[in-house]
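Visitor: Got a predicted structure here, sequence first:
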Amino acid sequence: MDLNTKFTPQNWPEHAEQATMEGKNKFVGFWIFLACEVVLFASLFATYLALKDSGPASMDLTKYSAKALYELPLAFAMTMLLLTSSLTSVYAMYHMKNFNFKGVQTWMGITVILGIGFLCLEIYEFYHYVHIGFGYTHSAYSSAFFTLVGTHGLHVIIGLVWISSLIFRNMKRGLNLYNAPKYFIASLYWHFIDVVWVFIFTVVYLMGVLG
Amino acid sequence: MSSVAQKKGFGAQVWDYLTTVDHKKIAILYLAAGTLFFAIAGLEALFMRFQLLFPENTFVSAGMFNQLLTMHGTTMLFLAATPLLFAFMNAIVPLQIGARDVAFPFLNALGFWLFFLGAVFLHLSFFLGGAPDAGWTSYASLSLYSPGHGIDFYVLGLQISGAGTLISGINFIVTIITMRAPGMTFMRMPLFTWTSLVSSTLILFAFPPLTVGLFLMLVDRMFGANFFEHTMGGNTIIWEHLFWIFGHPEVYILVLPAFGLFSEIIPVFARKRLFGYSSMVFATILIGFLGFMVWAHHMFTTGLGATANAIFAVATMTIAVPTGMKVFNWILTIWGGSIKVTVPMLYALGFIPSFVAGGVTGVMQAAAPLDYQLHDSYFIVAHFHYVIVGGIVTALFGAAHFYWPIMFNRALNEKLGVLTFWIFFIGFHLTFFLQHFLGLMGMPRRVFTYMPDQGWDLFNMISTIGAAMMGVGVILLVLNVLLSIKSEPLNRRDYWGDGRSLEWALETPLPFYNFKQTPLVRGYDPYWIEKQEGNKEGMVYAEPLGDIHMPNNSILPLIMSIGTFIAAFGALYSPWGKQALAGTAESVSPALSVGLIVVGLGITVGSMITRSLKDDLGYHVHVAEVEAIEKDLAQFRAAGKKGGNN
């Protein structure tokens, strides 16, 4: 399909993200990239589990263990923000299918706002831990915790910059077959970040406090 | 657009290679860079062998020996074998599947430049205060406290170059999945394409653990994290797991494409269809899968316990089954064939027994109790060199002779090739065969010297003589390459006369868009089928002659890689590093260190943003232009002398 076609909701293809060769390549390539991200996070999870609650012999476990540190209400609030932002990016993709560009931009914008909310809570949480003496160099456990959760946080930041620049860049251009795959894979990435967070919530916070 | 007849200035040609996104030119870049690092790593090996020529030799110091040993292993695996295989994948895979280009030409260039600058960064360590010295596996218990910046160079250089490898791996997977010509079903794909696909998948799953391991080492050494610091609750075994989860599949990442190359070479010169094609595909996938399940066989002696050792021992031995299938399929392809013993075929014939020897010693070590005896002895050195030199290096040399006509429109000299083969092959066995016995006699690996009269003197001397012969072999090969530049262009298709897959159906020199029309694949060994049916054109087309869409050249991949290169220096000389704080390595002011990191990453991110905000839709070569280029090419081919062996 030609990139320069003038599209209307009637002739807009059903799978716009895969209508061109480049789009299809991006789509397949990104799924494959996500497979490699899964392995990256799996390695960090394994490292975290191996080093959980382990520190110097003098480490005070009543103060600096998983049980003592994590606050489930905060983690729950973060989870809710991120899960909702995944839903809003689904809405954006729904509007993309119907060639409603304004809908895409609006819902992607809401996704970014929810993502920023999540990030603020995470920064607060990190600040709090450092403040009570659980810094990055405190113990093997602290290094593993900040690296795992921080890598996820870094992915959130990258996702936010990515989606915001897509919104900004395409403001005047509208929806076409060149940027439809870009929106699509950005939303795919955002879902992935969400899935990783579900695992962090379970393995780090729930298992930390309850297990 | 460009045509072959056009003469270009030297500057324009250099610029062309710096900005190219053409897979054929990137293949040449990989070939040149890989050969450079192959030569460097070979010299390092020779220095080590000369040190071991006599007992109590003082040719190099113990510290220098550690650096040579580490850099030899690291360079050979990451910076020589991998890029050289990528060179052939880039050159041949798109042609074999009937594609005009790879899926992401821009990323292809980025992958190369990241690999290259990471490799250059790693080698700068020799001039900037000492190379890494903790072995290529860089076990955390050694590397965490290694003074100087050697390990920092290792961590940062491999991180950059590993990112490049990962990008290229993803690129090949997508290319093979989405860019195949009509009729090129999965079960008609040539074996080299198949092995490239499986090997790229292994890259995809094996490199992230390495990335994580290197990152943990980086923060431990530079920012005071405690992953491996046992006094703070850390555990160095984590590094060993992460490293070998990468490191074991890495062997298969390298050897599978080598298998693929031999599976292309053998049927051509046996003039028979590859025996057991579908079992070859099955074996490839199975080896890829099992390659991931066995990493802990490198860690039998770390105290994992008898159960874990038993499981990993048995899992390791099962790899012999699909590998054996492959060996028998090669032998049965040759069996009853009408064999032509050319240089590539010589390498294939030499490969089969050499690689089997390496595989058999592998099964020996898979038995955990025996591994306790063989661990860290020269037996291990002999084993993996039989696999890597006997398997991968012979494949690379054979493939160079085999594919040279397609890549450069020139042929390598047969007579010189035969001489090279025999010198290299005999040198290889002289070097490594006796090392099995040195290991059994108790000579440990990684020692820089030994005492006389332990029965090791003679074998070490013979081993060194063999290594020197291998060096002569490589010099002869390079000489052959230099001679080929002066030789007549071939200007023909199917140089060996018995080509079977699509790449041989194209006439050289290739136009930059490969196929003027996408070919229609009518079965396995498509070009062979067309030849049998007397098709003079070489292939049937799936589409009428039309406009061809091509990507634009770009300098951004190089600029992005330079950005990471600059940032790596900032991280290296950071004043917060363990060694900087201990005063065992130089550092710069915090402002300069952070400044370099910010500027470097700024350049990288800035070029990424430029790339994202600017529409780059490529360009079209119109039908009239295609016809003009084809006419130019036809004239050029007719003007040249027809070469070849038939």
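Guide: Everything's here; your move. Numbers count the residues shown, from 1 in each chain, chains lettered A, B, ... in the order given.
Visitor: Name the next helix or strand downstream of the helix or strand hosting B:His241, please.
Guide: Using DSSP states H and E, B:His241 sits in helix B:237-270. Per DSSP H and E, the first helix or strand lying C-terminal to helix B:237-270 is helix B:277-291.
Visitor: Between helix B:237-270 and the helix or strand following that following helix, find me the angle.
Guide: Per DSSP H and E, the first helix or strand lying C-terminal to helix B:277-291 is helix B:306-318. Using axes from the mean of the first three to the mean of the last three C-alpha atoms, to 10 degrees, one finds that helix B:306-318 and helix B:237-270 are set 10 degrees apart in direction.
Visitor: and helix B:306-318, what other elements does it pack with?
Guide: Packed against helix B:306-318, as judged by 3 or more C-beta pairs under 8 Å, 6 or more residues apart in numbering or on different chains; DSSP states H and E, are the following elements: helix B:343-366, helix B:368-374. Glycine gets a C-beta too; all of them are placed from N, C-alpha and C.
Visitor: After it, which helix or strand is next?
Guide: Taking DSSP H and E, what comes next after helix B:306-318 is helix B:320-334.
Visitor: Would you mind listing the buried residues in that following helix?
Guide: Of the residues in helix B:320-334, B:Ala320, B:Pro322, B:Thr323, B:Met325, B:Lys326, B:Val327, B:Asn329, B:Trp330, B:Thr333, B:Ile334 count as buried by neighbour count, 16 or more other C-beta atoms under 10 Å in any protein chain shown.
Visitor: Closest one of the residues you listed to chain A?
Guide: Distance to chain A across the buried residues of helix B:320-334 (C-beta to the nearest C-beta) is lowest for B:Pro322, with 22.8 Å.
Visitor: residues near the closest residue to the closest one other than its chain neighbours, how many?
Guide: Among residues not flanking B:Pro322 along the chain, B:Ala283 sits closest, at 3.8 Å (C-beta to C-beta, 6 or more residues apart in numbering or on different chains). B:Ala283 has 22 neighbouring residues, counting by other C-beta atoms under 10 Å in any protein chain shown.
Visitor: which residues sit in contact with B:Ala283?
Guide: B:Pro322, B:Thr323, B:Met325, B:Lys326, B:Asn329 (C-beta atoms under 8 Å, 6 or more residues apart in numbering or on different chains).
Visitor: Then B:Ala585 would be within a strand, right?
Guide: No: according to DSSP: H, G, I helix; E, B strand; the rest coil, B:Ala585 belongs to no strand; its state is coil.
Visitor: Give the full set of residues in contact with the most centrally placed residue in chain B.
Guide: Most central in chain B under C-alpha atoms, centre = their mean is B:Thr82, positioned 1.7 Å from the mean C-alpha point. Contact analysis of B:Thr82 by C-beta under 8 Å, 6+ apart lists B:Gly34, B:Phe115, B:Thr165, B:Ile253, B:Leu254.
Visitor: Quick check on residue 177: phi, psi?
Guide: You didn't say which chain, so I picked chain A. phi -70, psi -10 (degrees, to the nearest 10).
Visitor: Would you confirm that it contacts A:Ala19?
Guide: Yes: the criterion here is C-beta atoms under 8 Å, and A:Leu177 meets it with A:Ala19 at 5.4 Å.
Visitor: Now the helices and strands packed on helix B:306-318 in CSV, please, with extra columns for mean pLDDT and mean neighbour count.
Guide: Converted to CSV, the helices and strands packed on helix B:306-318 look like this (pLDDT from 0 to 100; neighbours: other C-beta atoms under 10 Å in any protein chain shown):
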stretch, mean pLDDT, mean neighbour count
helix B:343-366, 96, 21
helix B:368-374, 94, 15
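Visitor: closest to B:Glu543 out of those helices?
Guide: helix B:343-366 (33.3 Å; C-beta to C-beta).
Visitor: Alpha carbons of that closest one, as PDB, please.
Guide: Output of helix B:343-366 as PDB, limited to C-alpha atoms (Å, rounded to 0.1, in the frame of the first residue of the first chain):
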ATOM      1  CA  VAL B 343      39.800 -25.600  -1.600                       C
ATOM      2  CA  PRO B 344      36.400 -25.200   0.100                       C
ATOM      3  CA  MET B 345      35.800 -28.900  -0.100                       C
ATOM      4  CA  LEU B 346      39.300 -29.600   1.400                       C
ATOM      5  CA  TYR B 347      38.300 -27.500   4.400                       C
ATOM      6  CA  ALA B 348      35.000 -29.400   4.600                       C
ATOM      7  CA  LEU B 349      36.800 -32.700   4.500                       C
ATOM      8  CA  GLY B 350      39.300 -31.600   7.100                       C
ATOM      9  CA  PHE B 351      36.600 -30.200   9.300                       C
ATOM     10  CA  ILE B 352      34.600 -33.400   9.800                       C
ATOM     11  CA  PRO B 353      37.300 -35.500  11.600                       C
ATOM     12  CA  SER B 354      38.700 -32.400  13.500                       C
ATOM     13  CA  PHE B 355      35.300 -31.400  14.800                       C
ATOM     14  CA  VAL B 356      34.300 -34.900  15.700                       C
ATOM     15  CA  ALA B 357      37.500 -35.100  17.800                       C
ATOM     16  CA  GLY B 358      36.500 -31.900  19.600                       C
ATOM     17  CA  GLY B 359      33.000 -33.100  20.100                       C
ATOM     18  CA  VAL B 360      34.100 -36.500  21.600                       C
ATOM     19  CA  THR B 361      36.400 -34.800  24.100                       C
ATOM     20  CA  GLY B 362      33.400 -32.600  25.000                       C
ATOM     21  CA  VAL B 363      31.300 -35.700  25.800                       C
ATOM     22  CA  MET B 364      34.200 -36.900  28.000                       C
ATOM     23  CA  GLN B 365      34.100 -33.700  30.000                       C
ATOM     24  CA  ALA B 366      30.300 -33.900  30.300                       C
END
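Visitor: could you check the angle helix B:237-270 makes with it?
Guide: Using the same axes, to 10 degrees, helix B:343-366 lies at 150 degrees relative to helix B:237-270.
Visitor: and helix B:343-366 with helix B:320-334, angle?
Guide: 160 degrees.
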